[in-house]
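>>> Next come a sequence and a model predicted from it.
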Amino acid sequence: MSTPKHFLDLDRLDAPTLRAILDAGAAFKRGDGNRVPLEGKTLVLIFEKPSTRTRVSFEAGMMQLGGRVIVLEGESSQIGRGESIADTARVLSRYVDAIMIRTDDPAKLAELAAHASVPVINGLTDASHPCQLMADVMTFEEHSGPIKGRTVTWCGDGNNVAASWVHAAVRFGFSLRLACPELLLPAPALLEWAASEGGDVTLVTDAPAAVRDADCVVTDTWVSMGDDAAESRHNLLAPYRVDEKLMALAKPDALFMHCLPAHRGEEVTDSVIDGPRSVVWDEAENRLHAQKGIIAWCLGAL
């Protein structure tokens, strides 16, 4: 039996593979080639965290590729009643062709992949969000050309999405400036990995300095699912709010990105997210197209 082609994190795949997946996603978006390469295939979606974009984009994408989808949420599966992830992986592998999981603990993702005999896709964990970054790179390149050699600034919490931006910076060859409070920096091991891979990733605690002359400015909600919503967290992040004054420091044609959902008035102002440099709606749409590329790659349809 061949080893499944898992899509777990961007650092687990090489640059040519990631580029091939993006190219496939762009082709699907254009309507090129075989429109239903996954006819007869079934994808199961496991949700331990609520979702709008991940659920709808994976469901719609798989159906557009000719396949079928089964959704398992929380208490609707035996995972929520104590069955082990390993046993779930073994059983589901007998029924379906691929598994997507959106969960909290990255160890659950790793256990699922270790025991599944079909491809496993990381739909989000508390440690990373690689599908989002594939959509983000696709969106940047649609609007601004190749991302290689460009500069992206992250403003806010050094969270799971920030971690995937670090992975993407290394694999796609762009510079990343992380503007984060000292108490909310990404894990040291992540930054050490980036350095060991020759990545251009810089920590900057001053948001204006980090944004100056950037090609793209990215932020995310200050309070993610499961985070402590204490007032102190908002106080820490207030200097990293993306408003028109901060965006004005970036290049005149700089893009603004946010993976959504947005808490308007907190991490970003209405004038920025609804402004001419915002590409958040294209970014959300491209979750569909990028993930079609991911699914097709996992199932050997590229």
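Structure's in. What do you need?
>>> Give me the neighbour count for E182.
9 (other Cβ atoms under 10 Å). For every residue, glycine as well, the C-beta is placed using N, CA and C.
>>> That one against V204, yeah?
No - the pair E182 / V204 is not scored as a contact, 11.2 Å apart, by Cβ atoms under 8 Å.
>>> need the helices for this protein, in chain order.
15-30, 53-64, 85-92, 106-115, 130-144, 160-172, 188-196, 207-211, 231-237, 244-247, 270-273, 280-298 (DSSP state H).
>>> Select from these the stretch with the lowest mean pLDDT.
Per-stretch mean pLDDT for the helices of the chain is lowest at helix 231-237 (a mean of 86).
>>> Which elements pack onto that helix?
Of the remaining helices and strands, none touches helix 231-237 by 3 or more Cβ pairs under 8 Å, 6 or more residues apart in numbering; DSSP states H and E.
>>> Report the buried residues of that helix.
Neighbour-count burial for helix 231-237 flags R233, L236, L237 (criterion: 16 or more other Cβ atoms under 10 Å).
>>> now swap in stretch 25-44 and tell me
So stretch 25-44, judged by 16+ other Cβ under 10 Å, has buried residues G25, A26, A27, F28, K29, P37, L38, K41, T42, L43, V44.
>>> check contacts around the nearest residue to the first one once chain neighbours are set aside.
For G25, the nearest residue in space outside its immediate sequence neighbours is G293; the separation is 3.2 Å by Cβ to Cβ, 6 or more residues apart in numbering. Contacts were defined as Cβ atoms under 8 Å, 6 or more residues apart in numbering; by that measure G293 touches I21, L22, D23, A24, G25, A26, F28, M134, L302.
>>> Just send these back as TSV, with distance to V56 too.
As requested, these are arranged in TSV below (distance: Cβ to Cβ, whole Å):
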residue	distance to V56
I21	20
L22	21
D23	24
A24	20
G25	16
A26	20
F28	16
M134	17
L302	23
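>>> can you name the two of these that are farthest apart?
Farthest-apart pair in those is M134 and L302; separation 13.8 Å (Cβ to Cβ).
>>> Which one's more surrounded, these two?
M134 (25 against 16).
>>> Make sure the more buried one is actually in contact with I294.
Yes - using Cβ under 8 Å, M134 is in contact with I294, at 6.6 Å.
>>> can you list residues touching both of those two?
In contact with both M134 and I294: I21, G25, using Cβ under 8 Å, 6+ apart.
>>> Excluding chain neighbours, give the residue nearest to L191 in space.
Per Cβ to Cβ, 6+ apart, closest to L191 is V201, 6.4 Å.
>>> list the contacts for the one you found?
Counted by Cβ under 8 Å, 6+ apart, V201 has contacts V166, A169, V170, S175, L176, L178, L191, A194, A195.
>>> Kindly supply the PyMOL command isolating those of those that are buried.
Of those, the buried ones go into a single PyMOL selection, burial set by 16+ other Cβ under 10 Å:
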select buried, resi 166+169+170+175+176+178+191+194
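>>> between the contacts of V201, which is closest to L246?
Using Cβ to Cβ, the contacts of V201 come closest to L246 at L178, 15.1 Å.
>>> Out of the helices of the chain, the one nearest D9 is which?
It is, among the helices of the chain and with distance given as Cβ to Cβ, helix 130-144, at 5.3 Å.
>>> Only C-alpha atoms, please: export the closest one in CSV.
Presented in CSV, the C-alpha positions along helix 130-144 are these (Å, rounded to 0.1, in the frame of the first residue of the first chain):
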residue,chain,number,x,y,z
PRO,A,130,-2.0,26.0,6.0
CYS,A,131,-5.1,26.0,3.8
GLN,A,132,-5.6,29.6,4.6
LEU,A,133,-2.0,30.4,3.5
MET,A,134,-2.4,28.7,0.2
ALA,A,135,-5.4,30.9,-0.5
ASP,A,136,-3.5,34.0,0.7
VAL,A,137,-0.5,33.4,-1.6
MET,A,138,-2.9,32.8,-4.5
THR,A,139,-4.7,36.0,-3.7
PHE,A,140,-1.5,38.1,-3.5
GLU,A,141,-0.2,36.8,-6.8
GLU,A,142,-3.5,37.4,-8.5
HIS,A,143,-3.3,41.1,-7.5
SER,A,144,0.4,41.8,-7.3
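>>> burial of C216, as a residue count?
Considering only other Cβ under 10 Å, C216 is surrounded by 27 other residues.
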